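Next one to model:
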Amino acid sequence: MQNYSDYWYQSSDGLRLYARQYGNESADRTIICIPGLTRNSADFAPLCEHLADGYRIFAVDLRGRGSSDYDPQPENYHPGSYAADIISLLDDLALPSAIIIGTSLGGLVSMVLAATALERISAVIMNDIGPEADQTGIDRIKAYVSKPSSVSNWADAVAKTKLIQGQEYPEFSDQDWINFSKNLYRENSGGQPVLAYDPAIAQLLIQPSDQPAPDLWPLFTLLSNTPMLLLRGELSDILSPHCVSRMCELKPDIQFLEIANCGHAPLLSEASALHAIDDFLAKLG
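I've put the predicted structure just below:
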């Protein structure tokens with residue numbers, strides 16, 4: 001049984017965008033969940049169901065993912081456009097601000113929002129991402145995003161997903177891998193699983209080798225007065241302990257939790273993650 005409603009809105013450049021809406025429409029606080037690079041709104045289902053009684057929640061499909069329109073101009077697949085799309089959602093809802101939960105790329109989007117519309121962010125939960133990303137993890141993600149291959153059936157889809165992501169989730173059961181794969185793929189008209197994202201999103205990862213990565217630390221410092229929970233997978237190859245240490249130095253009031261035996265990125269359905277998120281949200285008042 002579907003326990004969410006479909007919500008459609010329009011980007012500033014005319015794309016039809018999608019979000020799953022959970023929870024209580026009359027709740028005092030609204031949460032917006034932003035997924036990682038190749039992921040979509042389905043990833044947040046367990047978390048949204050867990051929080052639904054006390055919040056109004058929107059889990060978005062970024063442009064080029066899931067049910068949202070694919071962008072005919074791939075150069076728009078970057079955090080600036082995604083942040084503008086979140087503003088479009090807030091405007092469509094007539095909301096002055098919301099709590100942002102961002103996994104990986106979603107956390108980068110929250111930092112861009114800090115630079116463009118800080119007043120629209122009431123609190124941030126950053127999931128396995130910071131102002132710096134380890135090159136090892138970037139190279140790993142680039143390898144499978146930039147060269148996607150097709151699968152012929154669901155068994156192949158699950159096997160390929162496990163091959164690519166196995167080191168990130170060493171405790172997954174067979175059913176966990178099936179569920180994870182069904183969030184990453186969807187069936188085409190012929191019943192064949194296809195990736196639920198536009199392959200052109202890989203453009204975000206393409207940059208000349210002599211071009212330095214953008215410095216995101218100034219964006220992070222803009223969130224100095226914004227309540228923040230930072231989560232890290234113990235095995236993460238994206239968010240390093242060094243980066244976490246610096247984030248905690250720059251923002252001493254940050255709440256931090258490391259999710260045991262998990263890589264990039266925690267699913268936010270782990271018991272420890274749910275407890276930390278509940279505690280963080282309760283302290284917001």
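
Now L229: phi and psi?
Main-chain torsions, L229, degrees, to the nearest 10: phi -120, psi 130.

which residues pair with it across the strands?
I125, Q255 (DSSP bridges).

so what's it scoring on pLDDT?
Note for L229: predicted pLDDT of 98.

That one: what's it in contact with?
A123, V124, I125, M126, I254, Q255, F256, L257, A276, I277, F280 (C-beta atoms under 8 Å, 6 or more residues apart in numbering). For every residue, glycine as well, the C-beta is placed using N, CA and C.

can you pull out the strands in the stretch 101-250 of the chain?
121-127, 185-187, 193-195, 228-233 (DSSP state E, counting those that start in this stretch).

Tell me how confident the model is about stretch 75-89, as a mean pLDDT.
97.

brain fart, stretch 198-208
81.

now it: how far from the chain's centre is it?
Distance of stretch 198-208 from its chain centroid, counting by C-alpha atoms, centre = their mean, to the nearest Å, is 17 Å.

hmm, who's touching it?
Around stretch 198-208, the neighbours that count as contacts under C-beta under 8 Å, 6+ apart are 37-38, 64-65, 70-71, 74-75, 77-78, 105, 138, 141-142, 145-146, 148, 213.

buried subset of those?
Buried subset of these (neighbour count, 16 or more other C-beta atoms under 10 Å): L37, T38, G64, R65, D71, P74, Y77, H78, L105, I141, K142, V145.

any idea which of these is closest to R186?
Among the buried ones among the contacts of stretch 198-208, R65 lies closest to R186 (C-beta to C-beta), at 10.6 Å.

Among the buried ones among the contacts of stretch 198-208, which one sits closest to L113?
L105 (12.7 Å).

and the gap between the closest one and T226?
L105 sits 19 Å away from T226, taking C-beta to C-beta, to the nearest Å as the criterion.

Could you list the low-confidence segments of the stretch 1-150 of the chain?
1 (pLDDT under 70).

Distance to V112 for the strands of the stretch 101-250 of the chain - can I get that in a markdown table?
As requested, the strands of the stretch 101-250 of the chain are exported to a markdown table (distance: least, C-beta to C-beta, whole Å):
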| stretch | distance to V112 |
| --- | --- |
| strand 121-127 | 11 |
| strand 185-187 | 28 |
| strand 193-195 | 25 |
| strand 228-233 | 15 |
